[in-house]
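> Provided below for reference: sequence and predicted model.
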Amino acid sequence: LFLITYLSCVISSFLFLIVLPITLSRSAIVSLFIVSLTYILLDKCLRRKVSNFFESKRVLKITLVILLGTLCLVGLYKIKQDSADNRWLIWTITVKASKGNWLVGNGPGAFHVSYGRAMEKFFQEPQNKDLIMRADYPDYAFNEYLQLMNETGILGLLLVLLILIPVLIVQLKSRQLLGYALLSLLIFACTAYPLHILPMQILLVVLLSFRRRCLPVKVNKWVIYTISSGIMGYLIYCIPFYYTKVRATQEWAKQKRKIEIAFMDFRHMQDFERYYPI
């Protein structure tokens, strides 16, 4: 088992060194940097070596590190400047789309509707006319936390963070390596949409399940049964609506492919209005 684990780590590290430079993923590079820094801070031996390094000529070395860090950030921005500017525009419109529903949000799955309306208002303002060439209608906000706030409000975002952060702290304190994987995933969620991808959703559940200890909270079993039954009842109630949405999405995708082939305006498509609310 040790040999298999060791070889898997070696192969993964080798593939990582190839894939990371090829993809030029800034999110992955930033995640790697923050996770490595966290590991150094939590490891007593490495932390002592870093402290010894900064003891002599401390000001000069700290200045050098800050300069190098700034250069790296500017370099990461310049690598894909258009992409970075586009994401900043998406985040700006997403925040505007959340206004008026800060507490409970616009509703799960309502990101597209709220984003479209906010984008329309955004480009009606004269100072934003020049940005219209960057306009896009994305499926995701490219920031899981902003999209959570848009759909479920501050209450939904806080609920998710109250689940994730305590588990992350416990894992890092107990020096579990999967804690660093969880940290990397949460950092990646700041500039992408990993929690909307099924393998990443499964990975998140797996990472949250590995812990040595948790807070000693005792809950009556009947409370758990009642809450579980309520959730199951609600899910069963939602099945017909979900099925309708799935069918509509399938038809939508078929018609969209026809439009892309025929170069037709999507708004002129037959049955567009019927599918739009769903």
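Sure, I can see it. Numbers count the residues shown, from 1 in each chain.

> for residue 255, give its distance to residue 61.
Per C-beta to C-beta, to the nearest Å, residue 255 is found 61 Å from residue 61. Where C-beta positions appear, they are placed from N, C-alpha and C, glycine not excepted.

> next: residue 207.
35 Å.

> more neighbours: those two, which one.
The neighbour count for residue 207 versus residue 61, taken as other C-beta atoms under 10 Å, is higher for residue 207 (23 against 13).

> list the helices and strands whichever strand or helix holds the more buried one packs on?
With elements taken from DSSP states H and E, the one containing residue 207 is helix 198-209. Contact here means 3 or more C-beta pairs under 8 Å, 6 or more residues apart in numbering; DSSP states H and E; on that basis helix 198-209 packs against helix 144-173, helix 177-188.

> what is the least confident helix or strand in the protein?
Within the chain, judged by mean pLDDT, DSSP states H and E, the helix or strand with the poorest mean is helix 272-275; its value is a mean of 64.

> re earlier: now do the helix holding residue 207 against helix 177-188, angle only.
Taking axes from the mean of the first three to the mean of the last three C-alpha atoms, to 10 degrees, one finds helix 198-209 and helix 177-188 inclined to each other by 130 degrees.

> for stretch 89-108, buried residues please.
For stretch 89-108, a neighbour-count test (16 or more other C-beta atoms under 10 Å) marks 89-91, 93-94, 96-98, 101, 105-106 as buried.

> what does it contact?
With C-beta atoms under 8 Å, 6 or more residues apart in numbering as the test, stretch 89-108 has contacts from 111, 113-115, 117-119, 121-122, 131, 134-136, 138, 141-143, 146-147, 149-156.

> now do 7 Å
Residues outside stretch 89-108 that contact it (C-beta atoms under 7 Å, 6 or more residues apart in numbering): 114-115, 118-119, 122, 131, 134, 138, 141-143, 146-147, 149-156.

> still on that earlier bit, now mean neighbour count, distance to residue 220 and mean pLDDT too, for the helices and strands packed on helix 198-209, in CSV please.
Formatted as CSV, these follow (neighbours: other C-beta atoms under 10 Å; distance: least, C-beta to C-beta, whole Å; pLDDT from 0 to 100):
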stretch, mean neighbour count, distance to residue 220, mean pLDDT
helix 144-173, 17, 21, 89
helix 177-188, 19, 30, 89
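
> reformat those helices as TSV; add distance to residue 126.
Listed next are the helices and strands packed on helix 198-209 as TSV, based on distance: least, C-beta to C-beta, whole Å:
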stretch	distance to residue 126
helix 144-173	26
helix 177-188	36
